[in-house]
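A.B. asks: Need a 3D model of the following:
(one chain, ligands or ions: 1)
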Amino acid sequence: MMSDLRGKRALVTGGSRGIGAGIAEALAKAGADVAVTYETSAGRSGEVVARIERLGGRGFAIQADSADPAAVRRSVDEAAETLGGLDILVNNAGIGRAGPVAEIPLADIDALLNVNVRAVVLASQAALSHLPDGGRIVSIGSTLAERVPFGGLTVYSLTKSALVSFNKGLARELGPRGITVNLVHPGSTDTDANPATGPNAEAQLGFNALGRFGKPEDVGAAVVFLAGPSGRQITGSAITVDGGANA
Ligand code: NDP
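C.D. replies: Here you go, the predicted model:
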């Protein structure tokens, strides 16, 4: 396991905290060098870089707002330059904006689409010139891409289900190069965006077969599996890491 990703170079968007930080550290534990992007958390991304380096990998932090197309493209090129290539792209950066369709403001709809959808398309596009044959793209969706058991996150859910067809189409386009393209759908995962002790936690646990929130490293483990040699025959697919919430 330790050597699965030795020599591989990865970029994780939104890797300063939460699930992205868990993914970055899981990749580093498996032997990869890892660059992370962040929007505002310079200090916390520095801590993630320090943890990657303690695990024996090279780590870099790149400030890049996923809502800004030029910044997204630049961050992918910068990661490839700094790491000396790019084998694995993980599209993790994402935002939540709650509110029923009757009330959600245009600014929130635009932010959701720009960060959760457009940035995934643009980062994947920018990665194409860097990824070698056999490279990997993994994007972080959500259980809400497939089942929406309550209202209030309808537009957010739309952004995540958009990734389902993007994932399948891109897998077809990149299959000839042996590049795999997959999703990981987290369920309730303990982060700043969705704390296990937050006001909405109990309602979420009502859906959860295991009766507990996931941790960022649970999502990280699925990403490492897809990114490693064991995942070579899996593409256009998705792994759900949700404690059985969608069962
Ligand atoms: P957090 O809010 O805890 O962390 C978000 C991360 O993304 C941070 O590193 C943040 O950077 C970065 N980010 C946010 N907006 C931008 C932006 N505009 N540009 C660059 N980076 C940005 O979220 P989670 O860890 O909970 O979520 C990570 C992913 O997992 C998201 O795609 C989310 O939709 C998905 N997900 C989460 C679930 C959960 O229960 N937590 C469930 C299902 C899916 P900074 O620190 O600088 O703000």
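A.B. asks: Using the centroid of this structure, identify the residue furthest from it.
C.D. replies: Within the chain, the residue lying farthest from the chain centre (C-alpha atoms, centre = their mean) is A102, at 29.0 Å.
A.B. asks: So it: helix, strand or coil?
C.D. replies: Put simply, A102 is coil when judged by DSSP: H, G, I helix; E, B strand; the rest coil.
A.B. asks: Quick check: residues of this protein near the ligand?
C.D. replies: By C-beta under 6 Å from any ligand atom, the residues of the chain that approach the ligand are 14-20, 37-41, 44, 64-67, 92-95, 115, 140, 142, 186, 188-189, 191-194. C-beta here means a position set from N, CA and C on the backbone, and glycine is covered the same way.
A.B. asks: Make a PyMOL selection of whichever of those residues turn out to be buried.
C.D. replies: Those of those that count as buried under 16 or more other C-beta atoms under 10 Å are selected in PyMOL with:
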select buried, resi 14+15+16+17+18+19+20+37+38+39+41+44+64+65+66+67+92+93+94+95+115+140+142+186+188+189+191+194
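A.B. asks: Among the residues of the chain next to the ligand, which ones are in strands?
C.D. replies: Using DSSP state E, 37-38, 140, 186 are the members of the residues of the chain next to the ligand that sit in strands.
A.B. asks: Kindly provide the distance from the residue farthest from the centre of the chain to G152.
C.D. replies: Distance, A102 to G152, using C-beta to C-beta, to the nearest Å: 11 Å.
A.B. asks: With T240 instead?
C.D. replies: Look at T240 and G152: by C-beta to C-beta, they are 21 Å apart.
A.B. asks: Neighbour count: these two, which is higher?
C.D. replies: For the pair T240 and G152, the greater number of neighbours falls to T240 (20 against 15), based on other C-beta atoms under 10 Å.
A.B. asks: Look up the closest residue to the more buried one, ignoring the ones flanking it.
C.D. replies: With sequence-adjacent residues excluded and distances taken as C-beta to C-beta, 6 or more residues apart in numbering, T240 is closest to H185, at 4.5 Å.
A.B. asks: hmm, back to that, tell me the one among the ones in strands among the residues of the chain next to the ligand nearest to D108.
C.D. replies: Nearest to D108 among these is I140, at 19.7 Å by C-beta to C-beta.
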